[in-house]
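Colleague: Coordinates for the following, if possible.
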Amino acid sequence: MQNLNNIYENKYLIDYANLKSGIIKYQKNFLSEDEFYDFVKKPFKGMPLLLPVGLKSFDYSKAKNFFFIKKYFYYKNIYFLKDKKKINYIDKIIKIPSFFCIGAIPKKKFNKYIKKIVKQNLEIKKKIYNVKKRFKKIVAFQTRNIPHSGHLEIINYLLDKYNCVVINPLIGFKKSGDIKSHFLKKIFMFLIKKKYRKKNIFYFPVVSNFFYAGPREALHHLNLREMLGFKYFLVGRDHAGIKNLYHPFDAYKFVKKYKYNFKIRVVDIKGAYFSSKTKQVEISNKFNNGQNLKDISGTNFRKYLKKKKIYNFADERLQKYIHKIKKNIFY
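Modeller: Purely as a prediction, here's the structure:
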């Protein structure tokens with residue numbers, strides 16, 4: 001969905017569309033100053049959607065309630081970061097401004113784009129509703145990466161434990177280095193057709209932004225999936241994390257703390273690892289994974305893909321399919 005010339009402008013149009021489509025649990029409009037500070041006190045509400053002043057895609061003629069938020073305060077209370085190096089790193093990606101308002105609306109020339117997003121997300125919500133008629137236990141699987149053997153083992157585990165798995169990625173704003181949404185769809189559709197060949201796995205993407213906010217964003221993802229109609233959602237290892245900003249299990253522990261604020265249930269999987277003892281990829285439900293389990297690196301997998309080499313911990317047939325794609329598949 002990153003198809004506008006200005007990606008920074010694009011993500012606020014996506015936020016606006018999601019607010020108007022009713023899939024944001026605790027917001028109907030961009031937050032006022034008082035509402036923002038209420039979000040700070042209540043992490044279970046997820047990520048606060050704010051509208052910066054000065055966007056070229058918005059009309060500010062009726063804007064009001066202008067207010068400042070210091071960047072350090074924002075990252076400390078929303079991202080739970082105190083280290084300035086970490087704050088500077090994530091700010092280069094997210095680019096949080098300091099001056100906000102409410103009441104501004106998108107310019108008319110963007111209405112068609114907004115309606116397209118609203119229509120697409122409501123169609124996905126309808127598809128989920130229809131799938132629920134066929135299957136009692138449906139679990140949503142969040143991903144933003146090309147699946148390696150660890151991801152595939154988790155999907156296999158979910159297919160065994162639940163009636164249906166919905167691959168449910170967010171395809172809004174993403175950072176440089178992430179896979180382009182169009183190619184993520186092609187890759188998962190290839191897997192569903194060639195590897196799984198089952199009628200109980202689906203690919204339903206949602207146009208919504210990624211914030212790379214770790215624990216707090218995991219709560220945001222829960223709210224979003226609850227509003228879409230899911231009853232089960234997997235919060236994975238290093239969920240919505242980036243560049244070691246958080247401990248791999250911070251998101252899961254944080255979600256567990258606030259689980260009573262949600263109707264949707266969190267699926268308990270701490271990851272999938274390669275066992276040097278059994279020589280297989282195995283699911284782990286423990287925080288302490290032991291010496292026999294080796295992490296499977298998504299970073300290394302991307303390096304192999306870029307060099308068109310076969311990575312040992314990923315489906316070989318899938319990799320050969322990706323190698324045939326001539327275009328750059330990453331942002």
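Colleague: Every contact and neighbour count from this point should use C-alpha atoms.
Modeller: Fine.
Colleague: residue contacts, the closest residue to Phe58 other than its chain neighbours?
Modeller: Spatial nearest neighbour of Phe58, excluding adjacent residues (CA to CA, 6 or more residues apart in numbering): Pro106 at 4.1 Å. Applying CA atoms under 8 Å, 6 or more residues apart in numbering to Pro106 gives the contacts 13, 57-59.
Colleague: please redo it, this time with the cut-off set to 6 Å
Modeller: 57-59 (CA atoms under 6 Å, 6 or more residues apart in numbering).
Colleague: mind listing which of those residues are in strands?
Modeller: Counting by DSSP state E, the part of these found in strands is 58-59.
Colleague: Please pick the buried ones from the contacts of Pro106.
Modeller: Using 16 or more other CA atoms under 10 Å as the burial test, the contacts of Pro106 include 57-59 as buried.
Colleague: phi, psi of the residue nearest to Phe58?
Modeller: Main-chain dihedrals, Pro106, degrees, to the nearest 10: phi -60, psi 150.
Colleague: which intervals of this protein have sub-threshold pLDDT?
Modeller: Along the chain, segments meeting pLDDT under 70 span 1-7, 285-291.
Colleague: max-length helix in the chain?
Modeller: The longest helix of the chain (DSSP state H) is helix 111-134.
Colleague: and it, what does it pack onto?
Modeller: helix 7-21 (3 or more CA pairs under 6 Å, 6 or more residues apart in numbering; DSSP states H and E).
Colleague: what do you get if the cut-off is 10 Å, keeping everything else the same?
Modeller: Helix 111-134 makes packing contacts with helix 7-21, strand 138-141, strand 164-167, strand 201-203, helix 214-228 when contacts are defined by 3 or more CA pairs under 10 Å, 6 or more residues apart in numbering; DSSP states H and E.
Colleague: what about the strands in the stretch 201-331 of the chain?
Modeller: All strands of the stretch 201-331 of the chain, identified by DSSP state E, counting those that start in this stretch, fall at 201-203, 232-234, 265-267, 272-275, 280-283, 293-294.
Colleague: Sheet partners, orientation included, of the shortest one?
Modeller: Pointing back at strand 293-294 there. Strand 293-294 pairs in its sheet with strand 272-275 (antiparallel), by DSSP bridges.
Colleague: same check, this time on the fifth one
Modeller: In the sheet, strand 280-283 lines up against strand 272-275 (antiparallel) (DSSP bridges).
Colleague: Could you do the second one as well?
Modeller: Partners of strand 232-234 in the sheet, by DSSP bridges, are strand 138-141 (parallel), strand 265-267 (parallel).
Colleague: how about those in JSON lines, adding mean neighbour count and distance to His182?
Modeller: Converted to JSON lines, these look like this (neighbours: other CA atoms under 10 Å; distance: least, CA to CA, whole Å):
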{"stretch": "strand 138-141", "mean neighbour count": "25", "distance to His182": "18"}
{"stretch": "strand 265-267", "mean neighbour count": "18", "distance to His182": "27"}
